[in-house]
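**Q** sequence below, structure please.
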Amino acid sequence: MKKTLSRTSLMLLVLFSMVEAARAAHPLITDDAGTVGKGSVQIEMNYQYSYDKTQGVKEEEHEIETVLTFGLIDPLDLVLTLPFLFTRTTEEGFRDREEGIGDMSFEVKWRFYDADGLGLAFKPGISFPTGRENRGLGTGRVGASAFLIATQEWEPWAFHLNLGYIRNENKVDERKDLYHVSLAAEWEAAEWVKIVGNVGAEANTDRTSDTPAVFILGGLIFPVTEWLDLDVGIKGGLTRAEPDYSLMAGMCFHF
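**A** Predicted coordinates for the structure are as follows:
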């Protein structure tokens, strides 16, 4: 569902890439309980290509996501996320493309416990209908979410658990009450690389199916400098509700 980049799209992408942003260790889906610290900022630009083929219908999506995380105080982060989407659907005798901004989200992460390697955080959020739902780029309504996050560190290992609820208000006839559960692990194999893994499940947005979207993910994070991380990853769908596979890459700047 998408066209080639126009000049306007290119300008938007440049502007978004200049926004100061951040997120939990991409390519992981599961967030960690850490915060960036008072007055600190991270900038993260993430790319994901997803492919899915079901009953002769092929769907491809390119997503460029910009995330801004600002440390208001040491245990409290403000997080703004803006995705830009390119989608293409191909069926015998039919092809549809779309491109544009997806739904923007704003979240607050509060780390309320941090001792003996264990961190606990609460992360409520709200999503805004900035994507056009009639083009498959958004939900058309304001939504909300709330996540409980736990991180346990035993160097060189770290483990992260997320339990979440998503209120998926929408105009596109999707399921409104969604759950999320996921578990991730990080292993600092060397100073220059971390090996990461992730599994998780989320309720299917399709009202007609109770099969959850289940995924498995593996990736590498490269701490290039104190202020720059690069990463790559691949995610596979374990149920039909999840895309067959996704390829991921990102860069994160720390300030």
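**Q** quick one: average pLDDT of stretch 220-232?
**A** Regarding stretch 220-232, the rounded mean pLDDT is 97.
**Q** what residues does that stretch touch?
**A** By C-beta atoms under 8 Å, 6 or more residues apart in numbering, the residues outside stretch 220-232 that reach it are 25-27, 186, 191-196, 219, 233, 248-255. Where C-beta positions appear, they are placed from N, C-alpha and C, glycine not excepted.
**Q** change it to 7 Å
**A** Contact with stretch 220-232 is made by 25-27, 192-196, 219, 248-255, as judged by C-beta atoms under 7 Å, 6 or more residues apart in numbering.
**Q** buried residues, it. List them.
**A** 221, 223, 229, 231 (16 or more other C-beta atoms under 10 Å).
**Q** among the residues you listed, which pair sits farthest apart?
**A** Farthest-apart pair in those is 223 and 231; separation 9.8 Å (C-beta to C-beta).
**Q** all the strands of the chain, residue numbers only.
**A** Using DSSP state E, the strands of the chain run over residues 41-54, 57-73, 76-91, 94-101, 104-115, 118-128, 143-154, 157-167, 177-190, 193-202, 213-223, 228-237, 245-254.
**Q** give me the number of residues near residue 177?
**A** 9 (other C-beta atoms under 10 Å).
**Q** make that residue 108, sorry
**A** Neighbour number of residue 108 under other C-beta under 10 Å is 14.
**Q** that one and residue 26, how far apart?
**A** 20 Å (C-beta to C-beta, to the nearest Å).
**Q** do residue 183 as well
**A** For residue 183, the distance to residue 26 equals 17 Å [C-beta to C-beta].
**Q** give me the more crowded residue out of these two.
**A** Ranked by neighbour count (other C-beta under 10 Å), residue 183 and residue 26 place residue 26 first, with 27 against 14.
**Q** what sits closest to that one if chain neighbours are left out?
**A** residue 250 (4.1 Å; C-beta to C-beta, 6 or more residues apart in numbering).
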